[in-house]
Each structure stands twice: as C-alpha cells, then as structure tokens.
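Trainee: Return a 3D structure for these sequence lines:
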Amino acid sequence: MISLLTTVIRACMVVPLMTGLVSCSDPVLRWQRLPDLPPAHGLGGAMAAQIEGALWVGGGSHFGGAMPWQGGLKTWHDRSFVLAVPGAQWREGPRLPLAMGYGCALSDDSGFLWVIGGGDGSQHFSSVWRRRKIAGPWQRMADLPTASAMGVALIWRGHLHWLCGSLSPTAVEAERSHWTLSLQEPQLGWQRLPDFPGPGRILAVGGANDRGLVIAGGAQLVADSSGKPRRLLCRDVYGFDGREWRLLADLPQAAVAAPGPMPYINGKFWLIGGDDGRGMAVQPWRHPGFSRLLWSYDPQRNLWRRESVLPDALVTTALVPWCGGVALPGGEVRPGLRSPRCWMLRLHEGNESSR
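Mentor: Coordinates of the predicted model:
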C-alpha cells in the first residue's frame, strides 16, 4: 500500500502538451465507511484537516426546515468535530472564531492547522487562523489581501497558496489572483504571484507535487438577467511550476466543488467526482446527484483517465490525508441536501495494466 500521507512528493508535472483520455480497469481501491458526522443534517462547505493526528471538521452550513427553493434559509456553523482514529466516535472540537463555511483548512509540517478565508450568507472573510493543539487557542495570522471564499488553498515548498475564489456572496465575477504566505515567516504577509491564467473561478480543485501546482475545473461567475451570479462550468486545467503557468489537458467532464486537495499517489493526481453539470437543466428536486467517477491525471503524459466508480457522490467537502488513507468527511449530495456520511479511501499498488 502506498501511504497517502506522502501526497506531495515524487514526480514530474510540466510536460509537452497533449490531450487525451483513456479507460482502464479499476485500480486496487478500498473504501471504508467512517462514523457519520454528529449533525444528522450533514454539512456543506465544511473545512477539514489534521490536528494532533486526528481528523478535524469545522464550520459549514445546512438548510433548516425547508430546501432553498422552498424558502429554506441557510444556517452557518462555528462548531467543529474531531475523530481520533477511524474506529472511534466523533467528539466536539474547538469552535471556530466565526460561523462560516467555504474556506479552506490545511495542516502544515509543523503540526499547525490553518483555516483560510470563507464566508457566510452576508459576507466573505479575509481572516486567516491557525492552531497547533485541539485544546489550544486560535491565533490570528496575516489576513488575505482581500476577502475571499470558495478558492483553492495548497501548501507547496513551505508556502501557503491561495488562488481564485470570490470577494462576496453577490459577486458576478470570480477572482484570478494568486497569493502566497511563507510558513516560516508568516509575519511578512501575503505576496502576489502570477495570476491564474484562465477565467476567474470559484470551487476549483487543486493539487501539489514536488514540481508544482495543478488547478482544475470550477465555475466562472457571470451576471444573469436579474444581475445575480450565475455559474458557467469549467473543464480547463493549468499547472504552475513556480515561475509561470501552463495550459494542461482538459478534464474529461466538468468538475465543480470536487473534494480537495487532489491526492498525489503513484505519480498521479486523483480527482474524486464533483458537479459535472448533469443536473443544470432540471428542477433542483429532480437533480440526479453529482458525479461518482474517479479520475486520475498523469502529469508525465498529460493524460486524464477514468479509474473507478465511487460509492458516494459528495461535493463542497475536503479530502484529508489521514491514517494511511484519504478521509472524505460529509458534504453535499444534491443541491441543498447535505449528508453526514464519511469515507476513507485507501489505494493499493496495482498491476501494470491498471496504471
């Protein structure tokens, strides 16, 4: 078995461009059901990472009383929950400084849990927080240069990276900005790097290996006839090598709000599901659910490949390297409908025909 805790090492990313998609037999995957999150209604847009070796899930939202098309209002949460090991039960964790969702949480090599950006129904936040102990205090760090939610956060070469997102819940244009913060010298504040080269977007998914970053999918924002934000789904993919961006092979299908960051295992990035747009033309109560397909991206061949079918379709959630696997804690299963279901993915070394 390849340990998924080493998700940011070994392989090349930037290669000559080509596009393509091939099918293959399933890799050797093991899905393990974890205990459900304590809120029976589930959470959408919650943030998740490791702290002190435990799985931490915090914030998020749900619709109380009725679905959004029935006038239901979104409730935002500041609670968090901690799972010590896969066979344990969730327990109450530290409350967030704000009731919020759709930010990002990451764990660094020094053991700090970071929470970056996010928002609620009235505003997006620029705040950045970290803590090292479950029982310790939150520490306010250098704010993002602008308020931002639904962006991409990654750790690469000792720096936090924040990309894209939107400035407010009513924004009709998404951001292309790319900011970085040194984990060793956070007092220096956020520094600007070359902007993301594609259209601005929200809810993209990213991944990192030792050679750079990959950002895939997401949704552009445009104004509809009433001036409200409308989403245009994206399939384009870009890589960043520390100096410049390069266009990579398109996704085989749109992927919005796919769980992330994408793990990097066996020399490939792995993309789990996402909103592929199949439900955009139907009433929300008839939505067929989000994609259950698992895709891999081989950066050396610049090639996407369909690998397997997932046991569940969850979006607006995170992937957390944990206990030799990748945890997938809850999320959204249809528009407005959350789920408390949690999973652990373990990927084993396959034979040559499955690579």
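Trainee: Now do the strands in the stretch 51-200 of the chain.
Mentor: Assigned by DSSP state E, counting those that start in this stretch, the strands in the stretch 51-200 of the chain fall at 54-58, 61-64, 73-76, 80-83, 91-92, 104-107, 113-116, 128-131, 139-140, 152-156, 159-163, 178-182, 191-193.
Trainee: Kindly apply the preceding question to the stretch 201-350 of the chain instead.
Mentor: 205-209, 212-216, 219-223, 229-233, 237-240, 245-248, 264-265, 268-274, 291-298, 303-309, 320-322, 325-334, 337-348.
Trainee: So which of these is nearest residue 95?
Mentor: Of all these, strand 325-334 sits nearest to residue 95, with 17.5 Å by Cβ to Cβ. The way it works is simple: take the backbone N, C-alpha and C, and place the C-beta from them, glycine included.
Trainee: Is residue 153 bridged to anything, and to what?
Mentor: When assigned by DSSP bridges, residue 153 has beta-bridge partners residue 162.
Trainee: hang on, it packs against residue 104?
Mentor: Yes - between residue 153 and residue 104 there is a contact under Cβ atoms under 8 Å: 3.4 Å.
Trainee: Give the intersection of the neighbour lists for those two.
Mentor: By the contact definition Cβ atoms under 8 Å, 6 or more residues apart in numbering, residue 153 and residue 104 are jointly contacted by 116-117, 162.
Trainee: Looking at those residues, which is nearest residue 110?
Mentor: If you rank these by distance to residue 110 using Cβ to Cβ, residue 116 comes first, at 16.0 Å.
Trainee: how far does stretch 172-183 stretch from start to finish?
Mentor: End-to-end span of stretch 172-183 (Cα to Cα, to the nearest Å): 32 Å.
Trainee: Of the shared contacts of residue 153 and residue 104, which is the most crowded?
Mentor: residue 116 (28 neighbours; other Cβ atoms under 10 Å).
Trainee: Surely that one and residue 163 touch.
Mentor: No - using Cβ under 8 Å, residue 116 is not in contact with residue 163; the gap is 11.1 Å.
Trainee: Spit out the residues that contact these two alike.
Mentor: residue 153.
Trainee: okay, residue 266: pLDDT?
Mentor: Turning to residue 266, the model gives it a pLDDT of 88.
Trainee: how close does it sit to residue 257?
Mentor: 25 Å (Cβ to Cβ, to the nearest Å).
Trainee: And residue 149, by the same measure?
Mentor: As for residue 149, its distance to residue 257 is 12 Å (criterion: Cβ to Cβ).
Trainee: and residue 266 and residue 257? which has more neighbours close in?
Mentor: Counted by other Cβ under 10 Å, residue 266 and residue 257 do not tie: residue 257 has more neighbours, with 26 against 18.
Trainee: Could you chop the protein up by domain?
Mentor: 37-149+316-331+341-346, 158-313 (automatic domain parsing).
Trainee: okay, those domains in CSV with distance to residue 31 next?
Mentor: CSV is the format used below for those (distance: least, Cβ to Cβ, whole Å):
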stretch, distance to residue 31
domain 37-149+316-331+341-346, 6
domain 158-313, 5
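Trainee: Any idea which of these gets closest to residue 30?
Mentor: So among the domains of the chain, domain 37-149+316-331+341-346 is nearest, using Cβ to Cβ, at 4.2 Å.
Trainee: for the residue lying closest to residue 201 once chain neighbours are set aside, what are its contacts?
Mentor: What sits nearest to residue 201 in space, not counting adjacent residues and going by Cβ to Cβ, 6 or more residues apart in numbering, is residue 218, at 3.7 Å. Counting by Cβ under 8 Å, 6+ apart, residue 218 makes contact with 164, 174, 201-205, 234, 255-256.
Trainee: hmm, 6 Å instead?
Mentor: Counting by Cβ atoms under 6 Å, 6 or more residues apart in numbering, residue 218 makes contact with 201-204, 234, 256.
Trainee: and if you look at residue 202?
Mentor: Residues counted as contacts of residue 202 (Cβ under 6 Å, 6+ apart) are 150, 166, 174, 218-219.
Trainee: can you rerun that using 10 Å?
Mentor: 102, 148-152, 164-166, 171, 174-175, 218-221, 229, 231, 234, 256-257 (Cβ atoms under 10 Å, 6 or more residues apart in numbering).
Trainee: what's the answer for residue 142, then?
Mentor: So residue 142 contacts 126-128, 181-182, 186-190 (Cβ under 10 Å, 6+ apart).
Trainee: The same query, at a cut-off of 8 Å, please.
Mentor: By Cβ under 8 Å, 6+ apart, residue 142 lies in contact with 128, 181, 186-190.
Trainee: Find the pair from those residues with maximum spatial separation.
Mentor: 128 and 188 (13.3 Å).
Trainee: circling back: with neighbour count, pLDDT and distance to residue 294 added, can I get the contacts of residue 142 in TSV?
Mentor: Listed next are these as TSV, based on neighbours: other Cβ atoms under 10 Å; pLDDT from 0 to 100; distance: Cβ to Cβ, whole Å:
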residue	neighbour count	pLDDT	distance to residue 294
128	23	98	32
181	21	98	32
186	18	97	35
187	9	96	41
188	10	96	39
189	14	98	38
190	23	98	34
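Trainee: still on that earlier bit, so which of the strands of the stretch 51-200 of the chain is the most packed in?
Mentor: Highest mean neighbour count among the strands of the stretch 51-200 of the chain (mean count of other Cβ atoms under 10 Å): strand 113-116, with a mean of 26.
Trainee: Many thanks, we can stop here.
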